[in-house]
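Trainee: Pasting the sequence and the predicted model now:
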Amino acid sequence: MLTASRFVRARAPRPWLPAGVARWPWPHLIWLSLLVFADLQLWLTGGLFYASSTTDVWLKALVTDAVDSGLFYLNWFWLMPYLLTRRGLAWYSLGALGGLLLFVALRSGVGVFLDEAAQLGASPVPLAVRLKVLGTTHLLLGMLILGLSFGLRLSGDYLRERRSRQELEQRQLATELSLLKAQLNPHFLFNTLNNIYSLTLQRSALASEAVLRLSELMRYQLYESSDDAVPLVQELRQLRSFVALQALRLPPEVADEAIPVTLMLPPGAEYVYHIPPMLLLPLVENAFKHGDLAARPHVAWLTLQLDADGRLQFSVRNFVSLNGAALAQPGGLGMVNLQRRLELLYPGRHQLTVQAGAEEYLVSLILEPAPRPY
């Protein structure tokens, strides 16, 4: 079933990552994977910076991982969200430098305690040389950790902000669609009441039947058109009710043949194909609002064709009234709302064309099927 909410979601650009990635703890999983990978390398090599007799590599790796994670999450939870966001780049740079120097000092002290670089080659290494080697190594390591933490936090914030913008846009579009649908109901009711009023002025017995037809249409708008999409058969049923309501304004001897409706649908397609409610009615309403009801033998022609691939074509043709109202004001509020709804529901997948001639007025609508998801 094709719904308006799916149409709205299709309007948003496809992200370069799956939709749920912004909700995953993927930056922390990346960091944990890197720690495990580094620890495995130390274990496989027997302890790259440890003495050859070291047997407790995993215990020492756990301690150094805790120090490394301290710098990573210092930048994650405090430097970026507090200093960078609230104080600016200068304060963040100072904080990052201080955190880096503290990391080098702490990591080097832990390295001496754990006998890191205690033996390079065949001879023990003096403490001063060890501190120099550890300081240089951990300075580069700390810069890499800060850079990795900065990049992962920035990427995560970007994805969350992107998701928030898309959700906000979807809510705004859904609200706009609701407002357009709400505007459509009074507009349709106003025009139909004008028709019933003309019957009452003529003291026509058909006025009661017109009220009954109107109640059926309003029941549809009230209880069924609140859905995002309805089966095509329901929309066609309401179009026929509207045509029958308009036919009451014609002489009884010509009413049955004056408004031919041609349907070209695959068997059973009207029950499977879904369409946003009240989408086709403005085109028919426009024909009777500005058309020439005195035209014979036909007042208007309605043609609907649904291809096997889901391409819907709907056209309405009518004679132009002598006052030229159709040329001066083709549709008014109903057509404006229809165009906006099409832009929201079928972005880049609809064609609404109007051909206004001296004697005839033709409006056609083509709805392309939604693209298949990748």
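Mentor: Looks like it came in fine.

Trainee: Report pLDDT for Thr175.
Mentor: Here, the pLDDT recorded for Thr175 equals 58.

Trainee: same deal with Phe314?
Mentor: Note on Phe314: pLDDT of 95.

Trainee: list the contacts for it?
Mentor: Leu280, Leu283, Leu302, Thr303, Leu304, Gln305, Ser364, Leu365, Ile366, Leu367 (Cβ atoms under 8 Å, 6 or more residues apart in numbering). All C-beta atoms are positioned from the backbone trio N, CA, C, and that covers glycine.

Trainee: quick one: the residue lying closest to Tyr346 once chain neighbours are set aside and Met264, what's the gap?
Mentor: Nearest in space to Tyr346, with sequence neighbours left out and distances taken as Cβ to Cβ, 6 or more residues apart in numbering, is Leu367 at 5.8 Å. Look at Leu367 and Met264: by Cβ to Cβ, to the nearest Å, they are 15 Å apart.

Trainee: Out of these two, name the residue with the larger neighbour count.
Mentor: For Leu367 versus Met264, neighbours defined as other Cβ atoms under 10 Å are more numerous around Leu367 (23 against 11).

Trainee: Now that one: phi and psi?
Mentor: Main-chain torsions, Leu367, degrees, to the nearest 10: phi -110, psi 120.

Trainee: got the contact list for it?
Mentor: Contacts of Leu367 by Cβ under 8 Å, 6+ apart are Ile275, Arg311, Leu312, Gln313, Phe314, Tyr346, Arg349, His350.

Trainee: and Met143, what element?
Mentor: Using DSSP states H and E, Met143 sits within helix 127-201.

Trainee: following that helix, which helix or strand comes up?
Mentor: Going down the chain from helix 127-201, the next helix or strand is helix 206-219, by DSSP H and E.

Trainee: Buried ones in that following helix, by neighbour count?
Mentor: For helix 206-219, a neighbour-count test (16 or more other Cβ atoms under 10 Å) marks Leu206, Ala207, Ala210, Arg213, Leu214, Leu217 as buried.

Trainee: re earlier: for the contacts of Phe314, which ChimeraX command selects only the ones that are buried?
Mentor: A single ChimeraX command selects the buried members of the contacts of Phe314 (16+ other Cβ under 10 Å):
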select :280,283,302,304,364,365,366,367
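
Trainee: Generate JSON lines for the contacts of Phe314, with distance to Leu236 as supplementary columns.
Mentor: Listed next are the contacts of Phe314 as JSON lines, based on distance: Cβ to Cβ, whole Å:
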{"residue": "Leu280", "distance to Leu236": "8"}
{"residue": "Leu283", "distance to Leu236": "13"}
{"residue": "Leu302", "distance to Leu236": "10"}
{"residue": "Thr303", "distance to Leu236": "12"}
{"residue": "Leu304", "distance to Leu236": "7"}
{"residue": "Gln305", "distance to Leu236": "13"}
{"residue": "Ser364", "distance to Leu236": "17"}
{"residue": "Leu365", "distance to Leu236": "14"}
{"residue": "Ile366", "distance to Leu236": "17"}
{"residue": "Leu367", "distance to Leu236": "14"}
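
Trainee: those helices in this protein, which residues are they?
Mentor: With DSSP state H, the ranges of helices along the chain come out as 4-11, 26-44, 57-74, 89-113, 127-201, 206-219, 232-247, 252-258, 269-272, 281-290, 325-328, 332-345.

Trainee: So what's the residue count around Pro231?
Mentor: Using other Cβ under 10 Å: Pro231 sits among 18 other residues.

Trainee: let me redo that: Val272
Mentor: By other Cβ under 10 Å, neighbour count at Val272 equals 13.

Trainee: Please give me every residue in contact with it.
Mentor: Pro231.

Trainee: And this protein, split by domain according to the record?
Mentor: Following automatic domain parsing, one gets these domains for the chain: 4-165, 204-367.

Trainee: closest one to Asn194 among those?
Mentor: domain 204-367 (9.1 Å; Cβ to Cβ).

Trainee: And that closest one, end to end?
Mentor: By Cα to Cα, to the nearest Å, the extent of domain 204-367 from end to end equals 40 Å.

Trainee: Kindly report the same for stretch 284-300.
Mentor: 9 Å.

Trainee: Name the residues of it that are buried.
Mentor: Val284, Glu285, Asn286, Ala287, Phe288, Lys289, His290, Gly291, Asp292, Ala295, Val299, Ala300.

Trainee: Quickly list what the closest residue to the fourth one other than its chain neighbours is bridged to.
Mentor: With Cβ to Cβ, 6+ apart as the measure, Asn318 is the residue that lies nearest to Ala287, at 4.1 Å, once sequence neighbours are left out. Beta bridges link Asn318 to Ala300, Tyr361, judged by DSSP bridges.

Trainee: hang on, Asn318 packs against Lys289?
Mentor: No. Applying Cβ atoms under 8 Å as the test, Asn318 and Lys289 come out as separate, 9.9 Å apart.

Trainee: related to what we said a few turns ago, pLDDT for the buried residues of stretch 284-300 - can I get that in a markdown table?
Mentor: Formatted as a markdown table, the buried residues of stretch 284-300 follow (pLDDT from 0 to 100):
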| residue | pLDDT |
| --- | --- |
| Val284 | 87 |
| Glu285 | 82 |
| Asn286 | 80 |
| Ala287 | 82 |
| Phe288 | 79 |
| Lys289 | 76 |
| His290 | 73 |
| Gly291 | 74 |
| Asp292 | 76 |
| Ala295 | 73 |
| Val299 | 82 |
| Ala300 | 86 |
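
Trainee: Can you pick out the most distant pair from those residues?
Mentor: Glu285 and Ala295 (17.1 Å).

Trainee: Endpoints of stretch 243-263, how far apart?
Mentor: With Cα to Cα as the measure, stretch 243-263 spans 14 Å from end to end.

Trainee: With stretch 302-312 instead?
Mentor: 13 Å.

Trainee: between the buried residues of stretch 284-300, which is nearest Gln238?
Mentor: Val284 (9.9 Å).
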